[in-house]
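Q: Predicted model and sequence below, questions to follow.
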Amino acid sequence: MTSTKETAAKKAFAMTLIAFILFILIGIHSFQLSPRATEPNSWIHKPETPTVYITQYQNNPSGRKNTTEKNILDGCYHVYLDVGSNIGVQIRKLYEPKLYVGASILPIFDDYFGDVEERLNLNKTISDGWTVCAVGFEPNSHHSEYLKQIESSYQKCGWKVKMMTETAVSDRNGITKFYSDMAFQNLEWGGGVLPPGVINIAQPASSEYKNVSLIRLSEFIRDVVGTRRLPSNAGGSKPPRVVMKMDIEGSEVDVMNDLIFSGALQHINLAAVEWHGRLQQLSERKSVSNRLQQALQLLSSVSEVMRYSGRHFAFKVLDLDDESFWGSRFEMPKC
């Protein structure tokens, strides 16, 4: 009898959480349906240049329209998405943790992807793929050369890493400008694709920076990450997992909203998001930033509560902003 009551209580709690989440999400979505969304000064930021489809991952990375095209993440057991890479320090922590002793992200990597020996497939448990693959997204063209050095060096070591340089994630595909914060002493870590009227530290666009390709992250997650072919002989200590770090200077308001309503969030197991409500110029964006944080926390709670019923989705949101070693440029590995 007690067990039945406990089960009923858990179900009732879960339903209450779900109802509250729906209430918050409807509130978020109502801003998009508001007439203000069509006005010139709308809180929804749109690229200044006409939208075009970006070809950086071959127009159709999932191969849905052309089955001869290969998914760039085929063979990847786990996936790490470094959304807002700056100079790629977090990806280097994933593959070279001994250089970053004490970094707070390291236990997360161990928990979700296994220890470094397993991540690097040193025991050859996977013969037709990789234990973990990483994709980085960075719009600042000042960092492109160094990020490509990381990509090249890691690929020589047999580590599957793709750096999407001069590329920002968004809720749409297109081309836009890069807006630096001009804090060069901090590697412009506050730069992004939102203009001064939207973000309070953004400076006017300069021709010194290359235009930025916008990739709709929900499509990339749904059509690339979510459809990847797993290695045939994967036998790791962990189930296949997708971890996403997001630090995109205010654009998380647009991107996380799209991940939720498009269904792409179902493919993410852990999201570590840095929120930038303090940078938002518009009250609507500040409000949505707060609502999104609440919604994701509640979704994380529902996933935890529903474990007893054999949950289908395993999602967790983590308040983690590991800026340790942020300016480090250690020598590249020689393999």
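A: Everything's here; your move. Here the structure is a predicted model, which is why all the values come from computation and not from measurement.
Q: CA only for contacts and neighbour counts going forward, please
A: OK.
Q: Bridging across strands, which residues link to Leu318?
A: Taking DSSP bridges as the rule, Leu318 bridges to Ala272.
Q: Can you give me every residue that contacts it?
A: Contact partners of Leu318, counting by CA atoms under 8 Å, 6 or more residues apart in numbering, are Leu270, Ala271, Ala272, Val273.
Q: Reformat the residues you listed as JSON lines; add distance to Glu219, neighbour count and pLDDT.
A: Shown next, in JSON lines, are the contacts of Leu318 (distance: CA to CA, whole Å; neighbours: other CA atoms under 10 Å; pLDDT from 0 to 100):
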{"residue": "Leu270", "distance to Glu219": "18", "neighbour count": "21", "pLDDT": "97"}
{"residue": "Ala271", "distance to Glu219": "17", "neighbour count": "21", "pLDDT": "97"}
{"residue": "Ala272", "distance to Glu219": "19", "neighbour count": "19", "pLDDT": "96"}
{"residue": "Val273", "distance to Glu219": "19", "neighbour count": "20", "pLDDT": "95"}
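Q: and which of those residues is nearest to Glu208?
A: Glu208 has its nearest neighbour among those in Val273, at 29.1 Å by CA to CA.
Q: where along this protein do the helices fall?
A: For the chain, applying DSSP state H gives helices covering 2-33, 89-95, 106-113, 116-119, 144-156, 217-220, 252-262, 283-305.
Q: Test my guess that Val224 contacts Cys76.
A: No - using CA atoms under 8 Å, Val224 makes no contact with Cys76, being 11.0 Å away.
Q: State the number of residues packed around the residue nearest to Gln266 when sequence neighbours are not counted.
A: Spatially, and ignoring its direct neighbours in sequence, Gln266 is nearest to Phe313 (6.5 Å; CA to CA, 6 or more residues apart in numbering). Counted with other CA atoms under 10 Å, the neighbours of Phe313 add up to 16.
Q: Phe313 and Ser303 touch, don't they?
A: Yes - taking contacts as CA under 8 Å, Phe313 lies within contact range of Ser303: 6.7 Å.
Q: Give me the residue ranges of the protein where confidence is low.
A: Applying pLDDT under 70 to the chain picks out residues 1-69, 235-236, 308-312.
Q: All the strands of the stretch 101-250 of the chain, residue numbers only.
A: Here the stretch 101-250 of the chain has its strands, by DSSP state E, counting those that start in this stretch, at 130-138, 161-165, 167-170, 174-176, 212-216, 242-246.
Q: which one of those strands is the most hemmed in?
A: Using mean count of other CA atoms under 10 Å, the stretch among the strands of the stretch 101-250 of the chain with the largest mean neighbour count is strand 167-170, at a mean of 27.
Q: Identify the residues contacting it?
A: By CA under 8 Å, 6+ apart, strand 167-170 touches 83-84, 137-140, 192-193, 212-217, 251, 254-255.
Q: rerun at 7 Å
A: Residues from elsewhere that reach strand 167-170 (CA atoms under 7 Å, 6 or more residues apart in numbering): Phe137, Glu138, Pro139, Val212, Ser213, Leu214, Ile215, Arg216, Leu217, Asp254, Val255.
Q: That strand pairs with which strands?
A: Strand pairing (DSSP bridges) places strand 167-170 next to strand 212-216 (parallel).
Q: Tell me how many other residues crowd the nearest residue to Ser127 once chain neighbours are set aside.
A: Setting aside the residues directly before and after it, Ser127 is nearest to Asn233 in space (CA to CA, 6+ apart), at 7.1 Å. The local packing of Asn233 (other CA under 10 Å) involves 11 other residues.
Q: Could you verify my assumption that Asn233 touches Gly129?
A: No - if you go by CA atoms under 7 Å, Asn233 and Gly129 don't touch, sitting 9.0 Å apart.
Q: shared neighbours, those two?
A: Contact criterion CA under 7 Å, 6+ apart; no residue bridges Asn233 and Gly129 by contacting each.
Q: about what we covered before: could you dump the strands of the stretch 101-250 of the chain into a markdown table with distance to Phe184 added?
A: As requested, the strands of the stretch 101-250 of the chain are exported to a markdown table (distance: least, CA to CA, whole Å):
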| stretch | distance to Phe184 |
| --- | --- |
| strand 130-138 | 16 |
| strand 161-165 | 18 |
| strand 167-170 | 19 |
| strand 174-176 | 21 |
| strand 212-216 | 19 |
| strand 242-246 | 21 |
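Q: so which of those comes closest to Leu147?
A: Distance to Leu147, taken as CA to CA, is lowest for strand 161-165 among those, at 6.5 Å.
Q: Give the other helices and strands that the closest one contacts.
A: Applying 3 or more CA pairs under 7 Å, 6 or more residues apart in numbering; DSSP states H and E, one finds that strand 161-165 contacts strand 130-138, helix 144-156.
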